[in-house]
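>>> sequence below, structure please.
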Amino acid sequence: EGASRQELSSWKNAWLETSGPSTLSASWVTDSVGAITDFTLHQGGEACNGVLRPHRVTVSTWRVAAGALERTHVFDVRIDGDSAPIDPEGVVAVPGGAASADLVVVNDDDLTYAISRLDERSTDVALAYVGTIDAAITRAVIWASLWNAVRDGLLDPRRFVVAVLNAVPSETEPAIRDRLLLFVAEAISSFLPGQARSDVHDQVLATTIRLSRETEDSDAWRSYTRAFIAEFAARGGDEYEATVRDFASSDNPDIAWRARRALAARGLVDEESIEAWRSADGSGEAARMSVEALASLPLEEARARAWESVFSDSLSNDYLTATLAGLQASSWEGETGIESAVERMISYWESHTIGMALRYANGVLALGVDVDRDGSVERSVGLLRRWIHEHADAPAQLRRIVVEHLDSFERDERVQRRWSSGQ
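I've put the predicted structure just below:
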């Protein structure tokens, strides 16, 4: 306070003693001559216990010109309550001002910690044109806004996936491209109900393998190929099996082992093949990936051996993580063993190092939710609700992990039901 000459106790209370992001959005009125009035920034505290924090943000307006977005105005806005004016000088409050605001970006330049919402028209424009923006930070902010809308059930995941697949070929920032491809996988597996996944799955497979074949950039090739293999591993695709088998013979060990692991999860290779690949490689990473591949085989005997190894105390930290990841990734349709493993969490937690216990808990709880699949919600949301109710005296850190996973599964269920044809 002495150095800044400002009173900081309220700032400390708002920022250091509360958790969760603020929510920022903009609203305005367009009159009959196209002037924008009442241009206002709004703050919500629904994700941070109702706390309204002080923020300084950039609000920018953009228009579509010649098939691309160009920035028209930038406003420096301070807000510490529920609302603040964006354009007190009336820059866009002139006839035709709305023509310069096809898109309104809240928190451009990413200056504050908040969820920024796009209005309906801005969402439509962003989905179509975000990839044409020159500034990487603005593209990242817009993608984050769109992704948060998906997570909160405000934007159909299918629209988001299509936008990503259209934008990634021109994305110049590898970090943004790679993050978007991960978002695609999560959008399908977490936020779409099972009956809505098939068409999107086919589109992702077709697009990522096409991009993998067309690109001349080695980093982009690796990203598209990884995304293709991951989607195949999650949901299969008979017409692409030969392609994945070709990748399993790749000179790139990372791609080869991802493909081998995918084939194992789909039940398209046997233990002998996995062991042969491991013997031919000999690296530590090959050993870890082979452990995961063996655990993912959709065979009763293979799963029994994997679970036995989990509880044998013979696995290293990395091998424990790999084994549990393989068990969860498998296309096995029978008894999973997860419910028993969840019941053993406390005993495992109390008898192992914190590192092993954390890996066990997070690995066992890496469940999936599909509201269209009989029993899926009960085996995830219902299972953890019962565990929390029955284990009030569990170690606090373990309970927190379970609560966090339950919160995630409840979100998945809520959003999937939003887009379920049966709702």
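>>> Leu320: what's its closest spatial neighbour, skipping adjacent residues?
Arg359 (5.2 Å; Cβ to Cβ, 6 or more residues apart in numbering). C-betas here are computed from N, CA, C, even on glycine.
>>> and Pro54, by the same measure?
Asp80 (4.0 Å).
>>> that neighbour touches Arg53, doesn't it?
Yes: proximity of Asp80 to Arg53 meets the contact threshold set by Cβ atoms under 8 Å, at 7.2 Å.
>>> compare neighbour counts for these two and give me the winner.
Ranked by neighbour count (other Cβ atoms under 10 Å), Asp80 and Arg53 place Arg53 first, with 21 against 14.
>>> tell me which helix or strand the spatially closest residue to the more buried one that is not a sequence neighbour sits in.
Nearest non-adjacent residue to Arg53, counting by Cβ to Cβ, 6+ apart: Ala14, 4.3 Å away. If you go by DSSP states H and E, Ala14 is part of helix 9-15.
>>> list the buried ones in that helix?
14-15 (16 or more other Cβ atoms under 10 Å).
>>> show the subsequent helix or strand relative to that helix.
Following helix 9-15 in sequence, per DSSP H and E, is strand 22-30.
>>> list the contacts of that following strand.
Contact with strand 22-30 is made by 36-48, 51-53, 55, 57, 59, 79, 86, 98, 101, 104, 106-107, 112-117, 119, as judged by Cβ atoms under 8 Å, 6 or more residues apart in numbering.
>>> helix, strand or coil: sort out the closest residue to Ser250 other than its chain neighbours for me.
Leaving aside its sequence neighbours, Ser250 sits nearest to Ala256 (Cβ to Cβ, 6+ apart; 4.4 Å). In three-state terms, and counting by DSSP: H, G, I helix; E, B strand; the rest coil, Ala256 is helix.
>>> count the residues that sit near Asp254.
For Asp254, the neighbour count with other Cβ under 10 Å is 13.
>>> against Gly237, how distant is it?
21 Å (Cβ to Cβ, to the nearest Å).
>>> now swap in Ala357 and tell me
Taking Cβ to Cβ, one finds Ala357 at 37 Å from Gly237.
>>> quick one: the strands in the protein?
Using DSSP state E, the strands found in the chain span residues 22-30, 36-44, 55-65, 68-79, 83-85, 103-108, 114-116.
>>> any low-confidence regions in this structure?
1, 4-6, 422-423 (pLDDT under 70).
>>> which secondary structure elements does the top helix by length along the chain sit against?
The longest helix of the chain (DSSP state H) is helix 396-419. Secondary-structure packing of helix 396-419 (3 or more Cβ pairs under 8 Å, 6 or more residues apart in numbering; DSSP states H and E): helix 136-151, helix 157-167, helix 174-191, helix 345-351, helix 354-364, helix 383-390.
>>> list of residues touching the longest one?
Outside of helix 174-191, the residues that reach it under the criterion Cβ under 8 Å, 6+ apart are 136, 139-140, 143, 147, 150-151, 153, 157, 160-161, 164-165, 167-168, 171, 197, 200-201, 204, 208, 219-220, 223-224, 226-227, 230-231, 234-235, 368-369, 412, 415-416, 419.
>>> the same query, at a cut-off of 7 Å, please.
By Cβ atoms under 7 Å, 6 or more residues apart in numbering, the residues outside helix 174-191 that reach it are 136, 139-140, 143, 147, 150, 157, 160-161, 164, 168, 171, 197, 200-201, 204, 219, 223, 227, 230-231, 234, 368, 412, 415-416.
>>> same check, this time on the fourth one
The list of residues contacting helix 345-351 from outside it, by Cβ under 7 Å, 6+ apart, reads 357, 360-361, 364, 391, 394-395, 398.
>>> swap in 10 Å and give it another go.
By Cβ atoms under 10 Å, 6 or more residues apart in numbering, the list of residues contacting helix 345-351 from outside reads 310-311, 313, 341, 344, 356-358, 360-361, 364-365, 387, 391, 393-395, 397-399, 401-402.
>>> quick one: buried residues of that helix?
Buried residues in helix 345-351 (16+ other Cβ under 10 Å): 345-346, 348-349.
>>> for Arg121, which non-adjacent residue is closest in space?
Spatial nearest neighbour of Arg121, excluding adjacent residues (Cβ to Cβ, 6+ apart): Asp102 at 7.2 Å.
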